[in-house]
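1. sequence and computational prediction follow.
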Amino acid sequence: MIEKYSIRTDLALEQKERFEADNVEIPGVVLEENYDEEREIRVTTVRITTENGARTMGKPVGNYITLEAPKLAVPDEYYHREVSEEMECFLRQLLPAEKKDCSVLVAGLGNRQVTPDALGPYVADNLNITRHIVKEYGKYAMGKDRVDPLSAIVPGVMGQTGMETVEIIRGVVKETKPDVVIAVDALAARNSKRLNRTIQLSDTGINPGSGVGNHRNAITKETVGVPVIAIGVPTVVDAATIVSDAMESLIRAMETSDTLRGVGVVLQGYNAAEKYELVKELIAPHLNGMFVTPKDVDETVKRISYTISEALNHLFGS
């Protein structure tokens, strides 16, 4: 049972937390944390430095930067601007250092018709596209000293196009020759408190659809030919996760009850893997594979997509 245990999350931070909860140290994985108390922004960097660490974490070698901002789901324009500025700083660190003028292709992944999955297309909608202007008139046509040519594509999903997303992006990369691809996609989280309040940046590429178990071919430097930076926001959580969290609360309540204390003690003896597998068995087949999203997800996704696009627009000189 334990070997089959696989937490449903796209966040490297949550994968690391799972091992920390079991008091397991992972060789080749380094975690750094910084908390800005004034702005309530927590930045956690997970660096996977070895192949052994990558296998244990189930993620490629590279850097994973997670910004946790509780007010991100709130319509506070000033706060969103601060998050956008913070994002810009970290994105700058992930860009190829050797490129002075960087041509960028932004890929807005996801399905525009499904709101929790529409983050990528919404980000692309808000970008200030400059590649065609710079190509036609030169960078000084924008009235600025430095403008990186920015282009964007919304490749849709395989059910709409009949093509793998990576096939479309690889074709566009071959024709337009960008220096870097930035892929934006919606993710799945383990902790419901992180929904629409967390942004993950990584320099390892992305697997479209992996958050909901719909694994498509990876979009990475190896598959498209140029470095791929991924930006993701968790918008859904697995139903089994919610039931598992409810079970934890129930166990704590049982421990204080005279009549149910014995049952609580038995359940408390299960480790995280056993509890999660138990929950999956209990809810199958009716709720197994169900994903849940907040009721205000349409408004929130549009707001966060604007925050991300502003960071990209400012970073690339638009």
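-> Arrived safely.

2. so what's Leu95 up against?
-> Neighbour list for Leu95: Cys102, Val180, Ile229 [criterion: CB atoms under 8 Å, 6 or more residues apart in numbering]. (Each C-beta comes from the backbone N, C-alpha and C, glycine too.)

3. whoops, I mixed them up, Val123
-> Val106, Gly108, Val184, Ile231, Ser305, Ile308, Ser309, Leu312.

4. same thing but at 10 Å, please
-> Taking CB atoms under 10 Å, 6 or more residues apart in numbering as the contact definition, Val123 lies against 106-110, 152, 154, 182, 184-185, 231, 233, 301, 304-312.

5. next secondary structure after the strand or helix carrying it?
-> According to DSSP states H and E, Val123 maps onto helix 119-125. Scanning forward in sequence from helix 119-125, with DSSP H and E defining helices and strands, the next element found is helix 131-137.

6. for that next one, give the mean pLDDT please.
-> Per-region confidence: helix 131-137 scores 85 on mean pLDDT.

7. parallel or antiparallel, list what pairs with the helix or strand following it.
-> For helix 131-137, the following helix or strand on the C-terminal side (DSSP H and E) is strand 150-153. For strand 150-153, the paired strands and their directions (DSSP bridges) are strand 104-108 (parallel).

8. centre of the chain to the strand it pairs with, how far?
-> With CA atoms, centre = their mean, to the nearest Å as the basis, the distance from the averaged C-alpha position of strand 104-108 to the chain average is 15 Å.

9. kindly report the same for stretch 80-95.
-> 15 Å.

10. residues of it that come out buried?
-> When burial is assessed from 16 or more other CB atoms under 10 Å, stretch 80-95 yields the following buried residues: His80, Glu82, Val83, Ser84, Glu86, Met87, Glu88, Phe90, Leu91, Leu94, Leu95.

11. restricted to helices, list those residues.
-> Where the buried residues of stretch 80-95 overlap with helices, as defined by DSSP state H, the overlap consists of His80, Glu82, Val83, Ser84, Glu86, Met87, Glu88, Phe90, Leu91, Leu94.

12. just the endpoints, please. Distance across stretch 125-133?
-> From its first residue to its last, stretch 125-133 covers 17 Å (CA to CA, to the nearest Å).

13. residues of it that come out buried?
-> Residues of stretch 125-133 classed as buried under the neighbour-count rule (16+ other CB under 10 Å) are Asp125, Asn126, Leu127, Asn128, Thr130, Arg131, Ile133.

14. Thr165: which of the contacts of Leu95 is nearest?
-> Ranking these by separation from Thr165, with CB to CB as the measure, puts Ile229 on top at 15.8 Å.

15. in the sheet, which residues pair with the closest one? Tell me.
-> Bridge pairing for Ile229 (DSSP bridges) gives the partners Ile182.

16. what residues are up against it?
-> Contacts for Ile229 were tallied using CB under 10 Å, 6+ apart; they are 63, 91, 94-96, 104, 106, 180-184, 201-206.

17. tell me which residue is most central in this protein.
-> Gly232 (2.7 Å; CA atoms, centre = their mean).

18. what secondary structure does it sit in?
-> strand (DSSP: H, G, I helix; E, B strand; the rest coil).

19. how near is it to Glu175?
-> Distance, Gly232 to Glu175, using CB to CB, to the nearest Å: 26 Å.

20. low-confidence ranges, the chain, go.
-> Within the chain, the segments meeting pLDDT under 70 span 1-8, 18-24, 98-100, 139-146, 209-216, 251-289, 318.

21. and the helices in it?
-> 12-21, 51-57, 77-94, 119-125, 131-137, 158-161, 165-176, 221-224, 239-255, 261-268, 272-283, 297-315.

22. any chance of those helices in CSV, plus distance to Pro27?
-> Supplementary listing: the helices of the chain in CSV, determined by distance: least, CB to CB, whole Å:
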stretch, distance to Pro27
helix 12-21, 11
helix 51-57, 6
helix 77-94, 24
helix 119-125, 34
helix 131-137, 43
helix 158-161, 37
helix 165-176, 31
helix 221-224, 24
helix 239-255, 28
helix 261-268, 30
helix 272-283, 21
helix 297-315, 34
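
23. and of those helices, who's closest to Val30?
-> So among the helices of the chain, helix 51-57 is nearest, using CB to CB, at 8.8 Å.
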